[in-house]
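In: predicted model and sequence below, questions to follow.
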Amino acid sequence: MAWITDLLFPDKCVLCGRILKTGEQDLCQTCREETEPYHSGKSNPHFLDSVAAVWYYEGKVRKSLLRFKFYNGRSLAVNFGRLLAMKLIEEAPRGFDLITWVPISSLRRLRRGYDQVELLAGEVGRELGQSPVPLLKKTRHNRSQSRLSGAAARRANVRGVYRYVGTGSLEGKKILLLDDILTTGATAGEAARILRMAGAEEVHCAVIAAARKE
């Protein structure tokens with residue numbers, strides 16, 4: 001029975017973990033009012049036509065994303081996916097030809113047990129009515145970007161780690177590339193470069209949170 005499930009597993013705020021009140025979805029009223037939304041229109045990393053994000057990567061947002069990414073927080077994909085889809089509907093109402101995501105390495109997926117961005121892509125696609133397509137494969141298990149400082153080091157770390165695995169050319173296509181976090185943009189930029197080499201005309205990146213530019 002639905003009421004038993006709701007009683008045992010009540011919906012909680014994706015950021016602070018508080019039980020949601022009637023009428024609230026994904027976020028409690030406090031987090032919805034106090035968490036600053038990401039302001040688009042900033043400069044974009046190489047090979048990306050635009051970057052959309054729900055929030056800045058700081059505070060409660062950062063803590064929640066770390067749970068999602070490293071501490072078996074796969075259930076948060078539903079909430080994050082719905083919120084990111086709403087952001088995309090608001091900023092890109094014309095839609096995209098294809099939706100894909102930045103994959104993690106096979107070794108990292110084995111250790112973690114899931115690819116959090118693939119889960120996110122599935123939820124975003126469900127909300128937008130469009131099934132995500134795997135276009136990229138990570139061919140090398142490189143160092144974690146979070147352990148490197150500086151944009152140059154991060155760009156060097158991801159250079160050549162992705163391969164196009166889609167069927168056919170992307171000639172003239174408008175691609176939505178999903179990831180969870182964008183800091184320097186090195187990872188998304190390298191993934192976009194590979195998609196452009198396969199013929200993509202536009203590559204637009206969407207993430208849950210992006211670093212605040214100084």
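Out: Cool, got the structure. No experiment lies behind these values; they were computed from the predicted model shown.
In: and stretch 181-198, which residues are buried?
Out: For stretch 181-198, burial by neighbour count (16 or more other C-beta atoms under 10 Å) applies to 181-196, 198. For the C-beta atoms, the positions are set from N, CA and C on the backbone; glycine is no exception.
In: could you do stretch 96-110 as well?
Out: For stretch 96-110, a neighbour-count test (16+ other C-beta under 10 Å) marks 96, 98-105 as buried.
In: so what touches stretch 52-68?
Out: Identification of contacts with stretch 52-68 by C-beta atoms under 8 Å, 6 or more residues apart in numbering yields 14-16, 31, 35-38, 40, 73-74, 76-77, 80, 83-84, 87-88, 91-92, 116, 180-183, 204-212.
In: and residue 189, helix, strand or coil?
Out: helix (DSSP: H, G, I helix; E, B strand; the rest coil).
In: skip the chain neighbours and tell me the closest residue to it.
Out: Distance criterion C-beta to C-beta, 6 or more residues apart in numbering; nearest residue to residue 189, sequence neighbours excluded, is residue 45 at 4.0 Å.
In: please list all residues in contact with that neighbour.
Out: So residue 45 contacts 51, 182, 184-186, 188-189, 192, 205 (C-beta under 8 Å, 6+ apart).
In: can you put these in TSV and add pLDDT and secondary structure?
Out: Formatted as TSV, the contacts of residue 45 follow (pLDDT from 0 to 100; DSSP: H, G, I helix; E, B strand; the rest coil):
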residue	pLDDT	secondary structure
51	94	strand
182	94	strand
184	88	coil
185	90	coil
186	90	helix
188	94	helix
189	93	helix
192	96	helix
205	95	strand
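In: distance to residue 158 for those residues - can I get that in a markdown table?
Out: Compiled in a markdown table, the contacts of residue 45 are given as follows (distance: C-beta to C-beta, whole Å):
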| residue | distance to residue 158 |
| --- | --- |
| 51 | 17 |
| 182 | 13 |
| 184 | 10 |
| 185 | 10 |
| 186 | 5 |
| 188 | 9 |
| 189 | 8 |
| 192 | 11 |
| 205 | 14 |
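In: after the helix or strand bottoming out on mean pLDDT in the chain, which helix or strand is next?
Out: Across the helices and strands of the chain, mean pLDDT, DSSP states H and E gives its lowest value to helix 2-8, namely a mean of 48. Later in the chain than helix 2-8, the nearest helix or strand by DSSP states H and E is helix 29-34.
In: that following helix: which residues count as buried?
Out: Of all the residues in helix 29-34, those buried under the rule 16+ other C-beta under 10 Å are residue 31.
In: over to stretch 78-94?
Out: Under the neighbour-count criterion of 16+ other C-beta under 10 Å, stretch 78-94 has 78-85, 87-88, 92 buried.
In: can you tell me which of those residues is nearest residue 134?
Out: Residue 134 lies nearest to residue 81 out of the buried residues of stretch 78-94, by C-beta to C-beta, at 16.7 Å.
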